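[1] Please find the sequence and the predicted model below.
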Amino acid sequence: MSLFDTHIIVDWSARSKPSPARATKDSIWWCATRNGGSTEPDYARTRHEAIDRLAVILRGDLDDGHRTLVGFDFPFGYPAGVAHDLTGQPSAFALWNWLDERIHDAGDNANNRFEVAQAINRHYPGVGPCWGRPASWPHPGVPTRRSECTNQEAHPPDRRLADHRAQGAKTVWQLAYAGSVGSQVLLGLPALNRLVRDPRLKGQIAIWPFDTGLSVPDLPVVIAEIYPSLLKREVDRRRRSGEILDAAQVRVNAEAFARLDSRCLLAPLFEGEQSLTSEERKTIETEEAWILGLGHESALRDALNSPWLHLRPRQCPGDPGAP
């Protein structure tokens with residue numbers, strides 16, 4: 001018995017214009033597996049289109065009585081202390097709402113994320129912590145390079161607990177250039193807020209681990225942070241000839257989570273890394289979030305190399321709601 005019927009992995013994008021009609025890299029991609037069968041990766045040209053189409057998929061799963069795991073590939077929180085600095089509350093959801101009130105992300109992907117980054121920087125002495133502005137963009141409150149940040153000792157931590165442990169993870173403060181994730185966060189968290197509040201899904205979604213703690217969620221739709229590079233070598237090996245890397249990442253990662261779940265071995269991933277202290281767990285559960293699968297990479301790799309176990313899709317013994 002597995003925890004979920006459907007496993008969806010989403011590769012997000014911070015493009016400021018619609019992606020080309022012809023599927024391309026650095027755009028929004030997702031892939032779903034259902035009861036042991038994988039779909040082909042799908043593609044959306046804008047963030048609004050992606051959220052609406054995902055809401056339709058999730059509503060369909062709910063109507064069918066299915067449980068769905070959705071993984072998004074950007075950080076769900078900022079380093080400890082940032083939420084309180086900006087909102088007065090040590091709560092990731094307070095920060096989500098703060099961003100949601102300030103980010104304007106139009107249907108054609110036009111957005112004001114650098115204006116909001118400037119507003120964040122004004123909360124701290126000197127220059128920064130947000131950086132990575134393309135030199136030609138007129139937002140001088142965001143430096144082009146990290147070396148231009150000043151008074152860094154008074155700025156928040158550069159990385160979250162999860163970022164220190166995930167090899168190659170970038171800082172949330174970097175907004176542009178190779179591997180950056182900061183812009184995806186600024187535009188992604190308000191988008192998740194829209195998804196959670198969608199009337200078609202309201203009350204059916206749990207955000208792990210903020211709603212659930214580091215434990216197995218029991219709502220029918222669970223949204224979690226993922227990091228496709230945990231399986232970088234496996235993606236490289238399994239990438240098809242001519243396949244866009246983003247498409248390969250969502251396909252291979254969706255299959256890994258689904259295969260592990262088919263063997264009734266997904267639940268430990270929701271508990272985080274065993275070495276986490278109680279204080280670290282509290283920080284993760286309230287402010288920073290955690291990467292689903294971090295600390296369990298070998299289990300995901302092993303699952304990819306194991307056969308599907310076509311078991312009845314329902315919760316594993318010992319988990320919430322299990323028979």
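    Perfect, I can see it now. What you see is a predicted model, and the numbers here were worked out from it, not measured in a lab.

[2] Name all residues that make contact with residue 73.
    Shown in contact with residue 73 (C-beta atoms under 8 Å, 6 or more residues apart in numbering): 9-12, 184, 225-228, 249. Yep, even glycine has a C-beta here, placed from its N, CA and C like the rest.

[3] In helices, which of those appear?
    184, 249 (DSSP state H).

[4] Counting neighbours, what do you get for residue 63?
    9 (other C-beta atoms under 10 Å).

[5] which residues sit in contact with the nearest residue to residue 84 once chain neighbours are set aside?
    Once flanking residues are discounted, residue 84 sits nearest to residue 90: 4.6 Å by C-beta to C-beta, 6 or more residues apart in numbering. Neighbour list for residue 90: 80-81, 83-84, 286-287 [criterion: C-beta under 8 Å, 6+ apart].

[6] How about the backbone phi and psi for residue 90?
    phi -80, psi 60 (degrees, to the nearest 10).

[7] Repeat that for the one 10 residues further on.
    Phi and psi for residue 100, reported as degrees, to the nearest 10, are phi -60, psi -40.

[8] and it, how many neighbours does it have?
    Neighbour tally, residue 100, other C-beta under 10 Å: 16.

[9] What's the separation between it and residue 139?
    Computed as C-beta to C-beta, to the nearest Å, the residue 100 to residue 139 distance reads 20 Å.

[10] again with residue 307
    Taking C-beta to C-beta as the measure, residue 307 falls 52 Å from residue 139.

[11] who has more neighbours, those two?
    Neighbour count, other C-beta under 10 Å: between residue 307 and residue 139, residue 139 has more, with 18 against 9.

[12] Of the contacts of residue 90, which is the most crowded?
    Busiest of these [other C-beta under 10 Å] is residue 287, holding 26 neighbours.

[13] which residues does that one contact?
    77-83, 90-92.

[14] One more pass at 7 Å, please.
    77, 80, 83, 90, 92 (C-beta atoms under 7 Å, 6 or more residues apart in numbering).

[15] ok so, going back, now distance to residue 178 and pLDDT too, for the contacts of residue 73, in a markdown table please.
    A markdown table is the format used below for these (distance: C-beta to C-beta, whole Å; pLDDT from 0 to 100):
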| residue | distance to residue 178 | pLDDT |
| --- | --- | --- |
| 9 | 22 | 98 |
| 10 | 21 | 98 |
| 11 | 16 | 98 |
| 12 | 16 | 98 |
| 184 | 14 | 98 |
| 225 | 21 | 98 |
| 226 | 20 | 98 |
| 227 | 16 | 98 |
| 228 | 16 | 97 |
| 249 | 16 | 97 |
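
[16] Can you lay out the contacts of residue 73 as a markdown table showing distance to residue 169 and neighbour count?
    Formatted as a markdown table, these follow (distance: C-beta to C-beta, whole Å; neighbours: other C-beta atoms under 10 Å):
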| residue | distance to residue 169 | neighbour count |
| --- | --- | --- |
| 9 | 17 | 27 |
| 10 | 18 | 26 |
| 11 | 15 | 28 |
| 12 | 15 | 23 |
| 184 | 13 | 23 |
| 225 | 11 | 24 |
| 226 | 12 | 25 |
| 227 | 7 | 24 |
| 228 | 11 | 21 |
| 249 | 15 | 25 |
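
[17] which SS state does the closest residue to residue 219 other than its chain neighbours fall under?
    Using C-beta to C-beta, 6+ apart and skipping residues adjacent in sequence, the residue nearest residue 219 is residue 206, 4.0 Å away. Taking DSSP: H, G, I helix; E, B strand; the rest coil as the rule, one finds residue 206 in the strand state.

[18] Going along the chain, name the helices of this protein.
    47-63, 82-87, 92-102, 113-121, 161-165, 182-197, 232-238, 245-262, 278-283, 297-304.

[19] could you dump these to CSV with distance to residue 154?
    Shown next, in CSV, are these (distance: least, C-beta to C-beta, whole Å):
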stretch, distance to residue 154
helix 47-63, 33
helix 82-87, 11
helix 92-102, 19
helix 113-121, 12
helix 161-165, 20
helix 182-197, 19
helix 232-238, 35
helix 245-262, 37
helix 278-283, 20
helix 297-304, 35
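
[20] highest average neighbour count across these?
    Among the helices of the chain, helix 245-262 has the highest mean neighbour count (mean count of other C-beta atoms under 10 Å), at a mean of 24.

[21] and it, what does it pack onto?
    Helices and strands touching helix 245-262, by 3 or more C-beta pairs under 7 Å, 6 or more residues apart in numbering; DSSP states H and E, are strand 6-11, strand 28-34, strand 37-38, helix 232-238, helix 297-304.
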